[in-house]
Structure formats: C-alpha cells, structure tokens
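In: My questions are about this predicted structure, shown below with the sequence.
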Amino acid sequence: MQSDPTRKHLEFHNTHRAMAAMDVNYPDGASTGWHSHPRGQLLHAIEGVMIVRSAEGSWVVPPNRALWLAAGLEHDVKMSGEVKIRTVFIDATAIRHMPAESCVIEVSPLLRELIVAAVQVPLDYGEGSRDDRLMQLLLDEVRVSDVLPLHLPMPEDERIRRICEAITAHPADTSTAGRWAERLNVTAKTVHRLFARETGMSFAQWREQARLLSALRKLANGERIIDVAFDCGYASQSAFTAMFRRHFGKPPSEFYR
C-alpha cells in the first residue's frame, strides 16, 4: 500500500541515467498538490483523466494523450475518475529535440505500450542494453507525436482574468465581449486587445477552448453528451459535436474509446 503517492516521484530524481519511468495510482478527486520536478516530465494516464494547472494555464489530459511538462514548472494534478499514471522523467539537458514548451501530445498505441513497459525498466539500466533501446524508441515516438490544442492559457491582467475565471466556472455563459466590457468599464476593443496580448487567442477562441476542456472533464465522468452540450453553452448536441469533431477529428462518443 502506498503511504503517500504524492511523494513517490522523489525516488526517481536521483539517477545517473537521463530517463526514469514511474507508475502511481490515485482515487477520483485526489490532487498531487503544487510541486515541480528538476527534469522534464512526460505525464500520461492509462486510465482516468488528469486536469493539470500551472501559472501558464491548464491542460486536460485524457488517456489517449500525454502532457510534456518542462523542467521546473510548478503544477498541480487533479484526478477525474480513478487515475493510473504512467510517467517518464526526462533530462532535457542531456537529451536533444524534446519539446521546448509544455504541451499535450497524441499517444499512439506504440507510445502507450512503450510508456507502460518503461515503468519496468530499472533506474540503473545499462547503456546499449535492451532497456536502453526501449527508452530510445520511446523518445523517438515522443518526437514524432502531434501536439494537440488542449491548453488553456491564463492571463496576468486582472481585468480579463476576471472574465476567464467566470467563463471557466460557468462555460454556458453567452455574454459577448461587449457585455464583459461594460461590466469592466472598458471598451470592447480593449477586451479584444487584451485577450490577444495576454493569451494569444481572441475572446471567442479562448471561450471555445474553455468550453472544450470543460466538456472533456464532463465526458470523462460519464455524463450524457446532450447534457454536456447544454452545460457548455451549445444550443444543440449537433452544434457541440461539430465543434468537437473540428478539434479532434471524431465525435465525442468515440473520444474515450
């Protein structure tokens, strides 16, 4: 029985090898608490969904995805459903061509099996050994994986941060940028300018992304698609499905299969 799963990762930081893999399980609703790692982290769960928060924003990570977290980034992971994490710590100073920034990547069936197999690799695996070749192949698969739009950047400007926090709490809110501008006593042009400067997205793009991430959490909890659609501000299930398919190339009914 694990006494404290939130501290298990400490055993995997002090190894002379550039890579080390770990497995850890959490119950629904659990949280790791805020922490960071001296190495980059490929964070993947074979079951359950992870909601990862940082000062940069938040990510939703379902089982067919993995999150690359840059070394030193303070973050918190909250579990949706029972989550079985399989993660790989990677020293990006010793291994070239890793992602320059934190991002969500697609996990192919091969990459999934390599991550699962890497958990069995000892910390002191030999150079040129079968274990070493497995780790190198895992790196090759990470490098060719597609980066996916599952990041929700959070602004520093307090004015639009209020908007973002409100939308995150109530994604069905249909208030326009103009309506928000009235509440903040600024112009709609200012709202649009601040969203572009602070998040790299337009107001409409940010709201759609927030709705998408909220929908992923709800779908992971087994909620009905039609209920998710209405809760996230869509007028119909078909409108929600069209948005979802545009982002992921498949309808929400197939996403977690």
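Out: Structure's in. What do you need? For clarity, every value in this text was computed on a predicted model and none was experimentally measured.

In: tell me how far the ends of stretch 148-163 are from each other?
Out: Its start and end residues considered, stretch 148-163 measures 24 Å (Cα to Cα, to the nearest Å).

In: Same check on stretch 69-76?
Out: 11 Å.

In: in it, what's buried?
Out: Going by neighbour count (16 or more other Cβ atoms under 10 Å), the buried part of stretch 69-76 is 69-71, 73, 75. The C-beta positions use only the backbone N, C-alpha and C, and glycine is treated the same way.

In: Who are the packing partners of the host helix or strand of R193?
Out: Under the criterion of DSSP states H and E, R193 resides in helix 188-199. If contacts are counted by 3 or more Cβ pairs under 8 Å, 6 or more residues apart in numbering; DSSP states H and E, helix 188-199 sits against helix 158-169, helix 177-184, helix 203-220.

In: Am I right that Q209 is in contact with T199?
Out: No: using Cβ atoms under 8 Å, Q209 is not in contact with T199; the gap is 9.1 Å.

In: which of the helices and strands packed on helix 188-199 sits most buried?
Out: helix 203-220 (a mean of 20; mean count of other Cβ atoms under 10 Å).

In: can you give me the angle that helix makes with helix 177-184?
Out: Orientation check (axes from the mean of the first three to the mean of the last three Cα atoms, to 10 degrees): helix 203-220 against helix 177-184 gives 100 degrees.

In: Give me the average confidence score over helix 203-220.
Out: The pLDDT scores in helix 203-220 average 88.

In: All the strands of this protein, in order from the start?
Out: Applying DSSP state E to the chain gives strands spanning 19-26, 40-54, 57-61, 65-69, 75-90, 103-106, 147-148, 151-153.

In: which of those has the lowest average pLDDT?
Out: Set side by side, the strands of the chain give their lowest mean pLDDT on strand 147-148, at a mean of 84.

In: just how off-centre is that one within its chain?
Out: 10 Å (Cα atoms, centre = their mean, to the nearest Å).

In: Now the terminal residues of stretch 4-24, how far apart.
Out: 10 Å.

In: mind listing what's buried in that stretch?
Out: 9, 12, 15, 17, 19-22, 24.

In: and the two most separated of the residues you listed?
Out: R17 and V24 (19.3 Å; Cβ to Cβ).

In: follow-up on the earlier one: closest to I51 out of the buried residues of stretch 69-76?
Out: So of the buried residues of stretch 69-76, ranked by how close each gets to I51 (Cβ to Cβ), first place is H75, at 10.6 Å.

In: Distance check, the closest residue to R112 other than its chain neighbours against C164.
Out: Leaving aside its chain neighbours, R112 sits nearest to I46 (7.0 Å; criterion: Cβ to Cβ, 6 or more residues apart in numbering). From I46 across to C164, the span is 31 Å (Cβ to Cβ, to the nearest Å).

In: coming back round to it: got JSON lines for the buried residues of stretch 69-76, with distance to L110 too?
Out: Shown next, in JSON lines, are the buried residues of stretch 69-76 (distance: Cβ to Cβ, whole Å):
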{"residue": "L69", "distance to L110": "22"}
{"residue": "A70", "distance to L110": "24"}
{"residue": "A71", "distance to L110": "25"}
{"residue": "L73", "distance to L110": "27"}
{"residue": "H75", "distance to L110": "27"}
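
In: For the closest residue to L69 other than its chain neighbours, name its beta-bridge partners.
Out: Distances taken as Cβ to Cβ, 6+ apart put Q41 closest to L69, at 4.4 Å, once the chain neighbours are dropped. Taking DSSP bridges as the rule, Q41 bridges to L69, F89.

In: since we're on Q41, how many residues are nearby?
Out: A total of 24 residues lie near Q41 under the criterion other Cβ atoms under 10 Å.

In: Looks like it contacts T87 (just checking).
Out: Yes: with contacts counted by Cβ under 8 Å, Q41 reaches T87, the gap being 5.9 Å.

In: and the helix holding R193 with helix 158-169, angle?
Out: Going by the same axes, to 10 degrees, helix 188-199 makes 80 degrees with helix 158-169.

In: can I get the CA coordinates of helix 188-199 in CSV?
Out: The C-alpha trace of helix 188-199 is given here as CSV (Å, rounded to 0.1, in the frame of the first residue of the first chain):
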residue,chain,number,x,y,z
ALA,A,188,-14.9,46.1,-26.3
LYS,A,189,-11.8,46.9,-28.3
THR,A,190,-9.8,46.9,-25.1
VAL,A,191,-11.2,43.4,-24.2
HIS,A,192,-10.2,42.0,-27.6
ARG,A,193,-6.8,43.6,-27.5
LEU,A,194,-6.1,42.3,-24.0
PHE,A,195,-7.1,38.7,-24.9
ALA,A,196,-4.8,38.7,-28.0
ARG,A,197,-1.9,40.1,-26.0
GLU,A,198,-2.3,38.0,-22.8
THR,A,199,-3.5,34.7,-24.2
